[in-house]
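A.B. asks: Sharing a model prediction with you, sequence too.
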2 protein chains.
Amino acid sequence: MGPSSRFTDLVGTALPLIQAPMIGPKPELARAASAAGALGSLGCASMTADQVRAEAAAIRAVTDGPFNLNFFAHKPAPEDAARAQAWQARLAPYYADLGLDPAAPIAVTNRAPFDEAMCAVVEEVRPRVVSFHFGLPDPALLRRVKAAGAVVLSSATTVAEAVWLEDNGADAVIAQGAEAGGHRGMFLTDDPARQVGTFALVPQVADAVRVPVIAAGGIADGRGIAAAFALGADAVQIGTAFLLTAEAGLSPVYKAALKGAASDATALTNVFTGRPARGILNRLMREEGPLSLRAPAFPTAAPPLGPLKAAAEARGSGDFTALWSGQAGPLAREMATADLIAALVEETRAATKRLTA
Amino acid sequence: MGPSSRFTDLVGTALPLIQAPMIGPKPELARAASAAGALGSLGCASMTADQVRAEAAAIRAVTDGPFNLNFFAHKPAPEDAARAQAWQARLAPYYADLGLDPAAPIAVTNRAPFDEAMCAVVEEVRPRVVSFHFGLPDPALLRRVKAAGAVVLSSATTVAEAVWLEDNGADAVIAQGAEAGGHRGMFLTDDPARQVGTFALVPQVADAVRVPVIAAGGIADGRGIAAAFALGADAVQIGTAFLLTAEAGLSPVYKAALKGAASDATALTNVFTGRPARGILNRLMREEGPLSLRAPAFPTAAPPLGPLKAAAEARGSGDFTALWSGQAGPLAREMATADLIAALVEETRAATKRLTA
């Protein structure tokens, strides 16, 4: 599958296909994806070190195939008590609506940046691939990741970010088009209004860097994979299209939202974490966003939403849930991960064949 | 070129390629595009009836090939004197900066919706294709356009708009991805935050309608054309990539901005006309937008900007010029239109061949 072996040579997978790291789905998805010849990915930013060890072992129990541990590489923002308080005040009416005590203690955020402790886990686990979001970690940590034998990937949302990643040690660059679900990987720009669509981004990134290019954003079937290859990508990263697989085990609220979404159901929002991310429009996004000037810095917007999310979901509502989805969400299919991957391979072949008919 | 003859059969061109209607470039561009086997398009929304007659005759003087007359199909907003006054007050400091008299009379806008008079011109000129932006005109006018033998196209920015256009008489639908330069064709939605990228829009539109689908937005070379075909498009519409051709005769200010633009230089803005459109970020967009709650309804935001644009351009500045551009602007090339079209055909062949290598 695909016109180039640059990506598969680099990471050792059978297919030029990454199952995108995500925090919503269960880790069973990564196991199934790696076992089916793709690069399965674990979203480790919300895991403890022990969880990362356990999930990596669980992948190795089912396949010898390579897998990817994904971490966030943001610089934590300085604490801002006034802003945090204002955010809690903004959310107070929702707490009241749902009968929650706004004074009850709130779990602190678990979206920590990649650090010394996680680097030690990487050195111990020795995954074939480590990918980062929001740039790259400090050079000393990055050197240790590479010394542990990992291929390093990161996401670019502009040509300038792609060039920076190549210059700073990424072995391949993910060109993350604006269609993509979840957090924008942006790290040299902070203006969501200027984010570039996959169609325009991929060829410009392919022209600008020498490392392999992985297209991401809006790809959900073999038509999209063939199109990404035509634009100059060596591989594709697919997230949303895997969300309805059996292995993803999505929550009922999230699953229902995804199945009911139209092509224009999503928007970029910062209300859930403080950073722009694409999700299905829901009550919080409509009433406070989708882009809010009040949302505190990443990831501190998230903790006070935890109780609201739990209480609303218990009532069958996704009003306060981050329903991350790309713009090709309506193309997602309910099937087993292995079957979906087999279908993607066959569809890509068919789409390519149609082009030359 | 391309896996389907559905578009070329419908409009009678040699190539499944529309040179997008635009108001910036000179009409020589449409002549050259039609003569080279594409569907040349005239942006008639800013022309008088006599100009449309003259330009159509000028195309016919150089080629027997089909061409496209493009019109706006918006419903004019009711007059709002308070809002217009507030807009002029907002712009007053710029008038002062440039030494302009804010009390001097201003030319009224010429972006009129398609009407009785223009319909009579269509019946007289009998172009092979008429395309509309912002939906379709009243059914009685549309019937007359079709009775005059014209194939009717219009742009969809969502799946719902594509289905509506098919149901209401469009013979083919342009799936206008968010990467596209100039005005969003949106007419059933008014939320620019939910606009869909080409990669996600084209396959979903292709699944939803039976008429031919034309992909638009972010397409600037053969890689993009092959990718659009892979996604399910029957043809492509390309605008920005033609802006640096000799025939487009772009103003020096506009040309310099386009040549200096980065991949993320553009944003959707309503400050120039009142409707969301993609252009290169400049002073007015930065200081009042890019999306402004103050900009009056389309097209009444535009007239008071005319004197500012003219005065700034006379000083070599594009501070107040609508520098429409798609996100693939950096891929635009300075060459003759016929050479560019020949290059696009050859590149599409090469990109397709690479896919099957």
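C.D. replies: Great, that's in hand.
A.B. asks: is chain B contacted by stretch A:320-340?
C.D. replies: Yes: Stretch A:320-340 reaches chain B (Cβ under 8 Å from any Cβ of the partner chain) through A:326, A:327, A:328, A:330, A:331. Using the backbone N, CA and C atoms, a C-beta is placed for each residue, glycine as well.
A.B. asks: just stretch A:265-277 next, same as before
C.D. replies: Yes: using Cβ under 8 Å from any Cβ, stretch A:265-277 reaches chain B at A:265, A:266, A:267, A:268.
A.B. asks: Next up, identify which helix or strand the last one is on.
C.D. replies: In this structure, residue A:268 is located in strand A:266-269 according to DSSP states H and E.
A.B. asks: List of residues touching that strand?
C.D. replies: Strand A:266-269 has contacts (Cβ atoms under 8 Å, 6 or more residues apart in numbering or on different chains) with A:178, A:181, A:184, A:192, A:195, A:276-281, A:285, A:289-292, A:325-327, A:329, B:191, B:193-194.
A.B. asks: Okay, and which of those residues map to strands?
C.D. replies: A:277, A:278, A:279, A:280 (DSSP state E).
A.B. asks: Relative to chain B, how far out is the first one?
C.D. replies: Spatial separation of residue A:277 from chain B under the definition Cβ to the nearest Cβ, to the nearest Å is 13 Å.
A.B. asks: now do residue A:345
C.D. replies: Distance, residue A:345 to chain B, by Cβ to the nearest Cβ: 14 Å.
A.B. asks: near chain B, which residues of the stretch 201-350 of chain A?
C.D. replies: For the stretch 201-350 of chain A, the residues in contact with chain B (Cβ under 8 Å from any Cβ) are A:201, A:203-204, A:217-221, A:223-224, A:226-232, A:262-268, A:281, A:290-291, A:326-328, A:330-331.
A.B. asks: And residue A:36, how close does it get to chain B?
C.D. replies: On the measure of Cβ to the nearest Cβ, residue A:36 and chain B end up 23 Å apart.
A.B. asks: Can you get me a residue count around that residue?
C.D. replies: By other Cβ atoms under 10 Å in any protein chain shown, 24 other residues sit near residue A:36.
A.B. asks: Relative to residue A:19, how far out is it?
C.D. replies: Counting by Cβ to Cβ, to the nearest Å, the separation of residue A:36 from residue A:19 is 9 Å.
A.B. asks: joint contacts of these two?
C.D. replies: Joint contacts of residue A:36 and residue A:19 (Cβ under 8 Å, 6+ apart) are residue A:337.
A.B. asks: any idea how far stretch A:41-58 is from the chain center?
C.D. replies: 15 Å (Cα atoms, centre = their mean, to the nearest Å).
A.B. asks: And the pLDDT at the nearest residue to residue A:128 once chain neighbours are set aside?
C.D. replies: Spatial nearest neighbour of residue A:128, chain neighbours left out: residue A:66 (3.5 Å); criterion: Cβ to Cβ, 6 or more residues apart in numbering or on different chains. On the pLDDT scale, residue A:66 is placed at 98.
A.B. asks: Report the contact partners of residue A:66.
C.D. replies: Counted by Cβ under 8 Å, 6+ apart, residue A:66 has contacts A:11, A:12, A:13, A:34, A:39, A:127, A:128, A:129.
A.B. asks: for those residues, which one is nearest chain B?
C.D. replies: Using Cβ to the nearest Cβ, residue A:13 is the member of those that sits closest to chain B, with 19.6 Å.
A.B. asks: Any idea what the residue lying closest to that closest one once chain neighbours are set aside is bridged to?
C.D. replies: Leaving aside its sequence neighbours, residue A:13 sits nearest to residue A:39 (Cβ to Cβ, 6+ apart; 5.0 Å). Beta bridges link residue A:39 to residue A:18, judged by DSSP bridges.
A.B. asks: State whether residue A:39 and residue A:18 are indeed in contact, as I suppose.
C.D. replies: Yes: the criterion here is Cβ atoms under 8 Å, and residue A:39 meets it with residue A:18 at 4.5 Å.
A.B. asks: Which residue ranges make up the domains of chain A?
C.D. replies: A:6-76+A:113-251+A:331-355, A:85-109+A:266-324 (automatic domain parsing).
A.B. asks: what's the neighbour count on residue A:56?
C.D. replies: Other residues near residue A:56 come to 22 when the count uses other Cβ under 10 Å.
A.B. asks: before we move on, what about the one 4 residues further on?
C.D. replies: A count of neighbours around residue A:60, defined by other Cβ under 10 Å, yields 15.
A.B. asks: for residue A:103, same thing?
C.D. replies: For residue A:103, using other Cβ under 10 Å, the count is 8.
A.B. asks: Phi, psi for it please.
C.D. replies: phi -90, psi -10 (degrees, to the nearest 10).
A.B. asks: Where neighbours are concerned, which of the ones in strands among the contacts of strand A:266-269 has the most?
C.D. replies: In those, the most neighbours by other Cβ under 10 Å go to residue A:279, 29 neighbours.
A.B. asks: Tell me how far that residue lies from residue A:289.
C.D. replies: From residue A:279 over to residue A:289 the distance is 10 Å, taken as Cβ to Cβ.
A.B. asks: Grab the nearest non-local neighbour of residue A:27.
C.D. replies: Closest to residue A:27 by Cβ to Cβ, 6+ apart is residue A:55, at 4.6 Å.
A.B. asks: wait, the one you found sits on residue A:46?
C.D. replies: No: contact between residue A:55 and residue A:46 fails when scored by Cβ under 8 Å: they sit 11.7 Å apart.
A.B. asks: tell me what the host helix or strand of residue A:237 is packed against?
C.D. replies: Counting by DSSP H and E, the element that carries residue A:237 is strand A:235-238. Packing partners of strand A:235-238 (3 or more Cβ pairs under 8 Å, 6 or more residues apart in numbering or on different chains; DSSP states H and E): strand A:17-19, strand A:172-176, strand A:213-216, helix A:222-231.
A.B. asks: For these, give me TSV that also has mean neighbour count.
C.D. replies: Converted to TSV, the helices and strands packed on strand A:235-238 look like this (neighbours: other Cβ atoms under 10 Å in any protein chain shown):
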stretch	mean neighbour count
strand A:17-19	28
strand A:172-176	30
strand A:213-216	30
helix A:222-231	30
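A.B. asks: re earlier: give the residues shared as contacts by residue A:39 and residue A:18.
C.D. replies: residue A:68.
A.B. asks: re earlier: the strand holding residue A:268 pairs with which strands?
C.D. replies: If you go by DSSP bridges, strand A:266-269 pairs up with strand A:277-280 (antiparallel).
A.B. asks: Residue A:33: neighbour count?
C.D. replies: Residue A:33 is flanked by 32 other residues according to other Cβ under 10 Å.
A.B. asks: Do you know the pLDDT at it?
C.D. replies: 98.
A.B. asks: can I assume it is in contact with residue A:26?
C.D. replies: No: using Cβ under 8 Å, residue A:33 is not in contact with residue A:26; the gap is 12.0 Å.
A.B. asks: what sits in contact with each of those two?
C.D. replies: The contact sets of residue A:33 and residue A:26 do not overlap (Cβ under 8 Å, 6+ apart).
A.B. asks: list the buried ones in stretch A:133-149?
C.D. replies: Residues A:133, A:134, A:135, A:136, A:137, A:141, A:142, A:144, A:145, A:148 are the ones in stretch A:133-149 that count as buried (16 or more other Cβ atoms under 10 Å in any protein chain shown).
A.B. asks: now the residues you listed as TSV including distance to chain B, pLDDT and secondary structure?
C.D. replies: Below are the buried residues of stretch A:133-149 laid out as TSV (distance: Cβ to the nearest Cβ, whole Å; pLDDT from 0 to 100; DSSP: H, G, I helix; E, B strand; the rest coil):
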residue	distance to chain B	pLDDT	secondary structure
A:133	18	98	strand
A:134	16	98	coil
A:135	16	98	coil
A:136	19	98	coil
A:137	24	98	coil
A:141	28	98	helix
A:142	25	98	helix
A:144	32	98	helix
A:145	28	98	helix
A:148	33	98	coil
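A.B. asks: quick one: which of those is nearest residue A:300?
C.D. replies: Nearest to residue A:300 among those, counting by Cβ to Cβ, is residue A:134 at 14.9 Å.
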